[in-house]
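[1] Starting from these lines, generate the structure:
(2 chains, ligands or ions: 4)
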There are 2 protein chains.
Amino acid sequence: IQETHLPNSLSLLSVDSQTLQKQIDELSTFSDSPAPSVTRILYSDMDVLARRYVKNLMGLAGLSVREDAVGNIFGRWEGYEPEIGAVATGSHIDAIPYSGKYDGVVGVLGAIEAINVLKRSGFKPKKSLEVIMFTSEEPTRFGISCLGSRLLAGSEELAKALRNTVDNQNTSFFDAASFAGYEKDEEKLSSVFLDKGIYSAFIELHIEQGPILEKEGISIGVVTAIAAPASIKVDFEGNGGHAGAVLMPDRNDAGLAAAELALAVEKHVLESGSVDTVGTIGIMDLHPRAINSIPSKAHLEIDTRDIEESRRNIVIEKIHQSAMAISKKRGVKLSEFQIVNQDPPALSDSSVIKAMELAASELNLTYKKMISRAYHDSLFMARISPMGMIFIPCYKGYSHKPEEFASLDDMANGVKVLASTLAKLSLH
Amino acid sequence: IQETHLPNSLSLLSVDSQTLQKQIDELSTFSDSPAPSVTRILYSDMDVLARRYVKNLMGLAGLSVREDAVGNIFGRWEGYEPEIGAVATGSHIDAIPYSGKYDGVVGVLGAIEAINVLKRSGFKPKKSLEVIMFTSEEPTRFGISCLGSRLLAGSEELAKALRNTVDNQNTSFFDAASFAGYEKDEEKLSSVFLDKGIYSAFIELHIEQGPILEKEGISIGVVTAIAAPASIKVDFEGNGGHAGAVLMPDRNDAGLAAAELALAVEKHVLESGSVDTVGTIGIMDLHPRAINSIPSKAHLEIDTRDIEESRRNIVIEKIHQSAMAISKKRGVKLSEFQIVNQDPPALSDSSVIKAMELAASELNLTYKKMISRAYHDSLFMARISPMGMIFIPCYKGYSHKPEEFASLDDMANGVKVLASTLAKLSLH
Ligand SMILES: [Mn+2]
Ligand SMILES: [Mn+2]
Ligand SMILES: [Mn+2]
Ligand SMILES: [Mn+2]
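    Ligands and ions are numbered 1, 2, ... in the order given. From the prediction side, this is the model:
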């Protein structure tokens, strides 16, 4: 790292955290649920408005803006050696129902502020710098997490799957994309793929979404690895019927099968014996969803993660065994058991880790190397670029709920470390 | 029973079952879900259209139509001794999501056809005859079953509760009613109450919603009692959080608490030892309902019934104990445990039973005395009038699903028995 090439003024990096907070607050108003909660679903009206807001900020920061066929948004600051792979940073702005305003957003608006910081300091990039806003990191609408970054990283599998992907209103992915002004031609999805090497590094700034940094009073988390996430969709089907008229021995209740599987997931996760294994049933839909009807269908979505891929895969196998056993015992059909994704963990690149550590040290900020248990677009960017992540503390580790919060100081620290890391890697 | 006063032509009662089927099919098109399923929710656009359809048929049958403040609809055929309490019949036309087209509808359109049958036969009523279409037998929209008949029967408790009742879109009962053209003034609800004695009898024709008549090849069920239904709403609240970041020991998952309670309901019901005890969890909603969020809230709606009230109440008490124990064990708040209704069973009146039995015998139809395990508006009409119910077979006992079906012959038999019973009780 040729840190000696950095202009002196970089040690005086000044973040306009008031403006950043104002922007975060403004962006949070593009929501389908009342404040303080945020709900921003891919390709919805609110998503389109929020995207316009981000593109406008990129423009104001002097970045040249481009969007790809699925709405990944790129803001580029051309370096004086533009033929070398750019140094990129970014995150997402979509928000699951009734969540908060910092998840992802800090890594998009904070990245734009990092660019502003560098510009104010007089910095001139050698490698180009690029801010990326990824499409649909959250799986809310189509059940696919990191949709944009997965495609950027060249997932042919995803490009194929999207041809038959619909949301729970039966709207196809391409109809939804075209509603938001993006591609409706499925043949053109491969234009989203980026070549390996197009970026010389990728760094994502993000709230920790866990309690460690706050608890230990540490300013910066230097992420060394991202845990391996998997998600599973399960459908049970029974005969349903009237809640008064069908006697208990004649029932095959899809809802009770789902309840039993939910508890089995918890059991299998705890059996792993490691605190790093987690499993969650966030979705359990009963049909027809009436108090006086026996559920004839139940739909579950299960999320399980571990920092060890093999241990996570054992849990998935046990969940499958339980689903089959419950189906048999209750006379309920297991009409679907689909492993939607089963991604390996990703490691941060040692050169990026070093740059982040050096940036934090120079800024006199305490930092700690840590693992990300939540996944991020970085998980997929790691497939095509050296990757690193910067975590900042958040209130009680809360995320995915309205109480999510990061302080002005913590955000300013994160933006400074990001700006400095971008500068170092740009000049490197 | 002065059956000798019946005109001879009554033995030739001819039901126009083709037209009845056509009307049932037409009414089923007023639905918010695609055929063959029916979804017709209180005070929705489709409900308003269906109500207009029923009022029109009542008018064509020569009945004088009146509606009360909540939309119970009455079609009256004045008898030659109109000062004596009328003989009433009727049922409901609302349909839970994705259900069928016969539940309730057979007892409304079939009742209008019974009037047509009697008119064609030359019958002249002594006591007036009245067809009633009850508002919201199903609890779908406001969580209150038999809303119309409960109010007719004078439930001050319900009139009071409706002031604070909202649907899951937070629309108040009175706003919804006024949307459909009914009362928006909460003070006027007591105008719906009917005095005891205003009817000298009430009879409801309904599909069995169970498999017995079909299995045993019997044409008519003469209902002697209606089981005691109860319904319970339960809410659990935990801290929620990110599915990746919050480790298992730090969780208090409201969804798992709900799953555990669902299985406890089944256990307590089975412990009763009687096949007549049933319990169902038809609704289990998780919040925020995202695959990567730990449920911070769970809402359950539980239905439990028995032909013995005390045995059912023991089950309710055990469910409450379990809910509290689960709450404690999982560190999840039991923020609501509300017994929404806990109705006693109702007995049919012996004079009405005798009239139904005699009618079936005279028509040479096989019949069987039986218990209704589903509840009906008759449960509440029994509070202000001698009550009886006529069941007809339905395919495999299916109800509350699109496969619900009753044959033309079975419906014609039910309408004949109803017409004859109305005639007998009118002249009595
Ligand atoms: Mn998130
Ligand atoms: Mn995120
Ligand atoms: Mn029903
Ligand atoms: Mn019914």
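[2] Would you mind giving both backbone torsions of the closest residue to ligand 4 within chain A?
    Closest residue of chain A to ligand 4, Cβ to the ion: residue A:242 (8.7 Å). For the C-beta atoms, the positions are set from N, CA and C on the backbone; glycine is no exception. Here is the backbone geometry of residue A:242 (degrees, to the nearest 10): phi -80, psi 130.
[3] Tell me, how many residues neighbour it?
    Residue A:242: 28 surrounding residues under other Cβ atoms under 10 Å in any protein chain shown.
[4] Chain neighbours aside, what residue packs nearest to it?
    residue B:399 (4.3 Å; Cβ to Cβ, 6 or more residues apart in numbering or on different chains).
[5] residue contacts, that neighbour?
    A:241, A:242, A:245, B:99, B:100, B:102, B:103, B:207, B:209, B:374 (Cβ atoms under 8 Å, 6 or more residues apart in numbering or on different chains).
[6] Helix, strand or coil: sort out it for me.
    Secondary structure, DSSP: H, G, I helix; E, B strand; the rest coil: residue B:399 is coil.
[7] And the pLDDT for it?
    Listed pLDDT for residue B:399 reads 93.
[8] can you check residue A:307 too?
    For residue A:307, pLDDT reads 89.
[9] My guess is it contacts residue A:276. True?
    Yes: Residue A:307 lies in contact with residue A:276 (Cβ atoms under 8 Å); the separation is 4.8 Å.
[10] Need the residues touching each of those two.
    In contact with both residue A:307 and residue A:276: A:227, A:373, using Cβ under 8 Å, 6+ apart.
[11] hang on, the earlier thing: residue B:209 is in contact with the residue of chain A closest to ligand 4, correct?
    Yes: counting by Cβ under 8 Å, residue A:242 does reach residue B:209; the two are 4.8 Å apart.
[12] Quick check on residue A:258: phi, psi?
    phi -60, psi -40.
[13] swap that for residue A:183, please
    The phi/psi pair for residue A:183 (degrees, to the nearest 10) is phi -70, psi 130.
[14] Any figure for the gap between it and residue B:40?
    Residue A:183 sits 40 Å away from residue B:40, going by Cβ to Cβ, to the nearest Å.
[15] Could you do residue A:289 as well?
    Distance from residue A:289 to residue B:40, by Cβ to Cβ: 15 Å.
[16] again with residue A:253
    25 Å.
[17] where do the contact lists of residue A:242 and residue B:209 overlap?
    B:374, B:399, B:400.
[18] ok, the residues you listed vs ligand 2, which is closest?
    Nearest to ligand 2 among these, with distances taken as Cβ to the ion, is residue B:400, at 41.3 Å.
[19] ok, now which ones touch the closest one?
    A:240-243, A:288, A:290, A:292-294, B:96, B:99-100, B:103, B:209.
[20] If we use 10 Å, what do you get?
    Residues near residue B:400 by Cβ atoms under 10 Å, 6 or more residues apart in numbering or on different chains: A:240-246, A:288, A:290, A:292-294, A:296, B:95-100, B:103, B:138, B:209, B:282, B:374.
[21] which intervals of the stretch 51-200 of chain A have sub-threshold pLDDT?
    Within the stretch 51-200 of chain A, no range satisfies pLDDT under 70.
[22] list the helices and strands the biggest helix by length in chain A packs on?
    What stands out as the longest helix in chain A, according to DSSP state H, is helix A:309-330. Applying 3 or more Cβ pairs under 10 Å, 6 or more residues apart in numbering or on different chains; DSSP states H and E, we find helix A:309-330 packed against strand A:228-237, helix A:254-271, strand A:278-287, strand A:297-306, strand A:333-342.
[23] what residues does the stretch 101-250 of chain A put near chain B?
    A:103, A:137-140, A:143, A:145, A:207-212, A:226-227, A:229, A:231-233, A:239-250 (Cβ under 10 Å from any Cβ of the partner chain).
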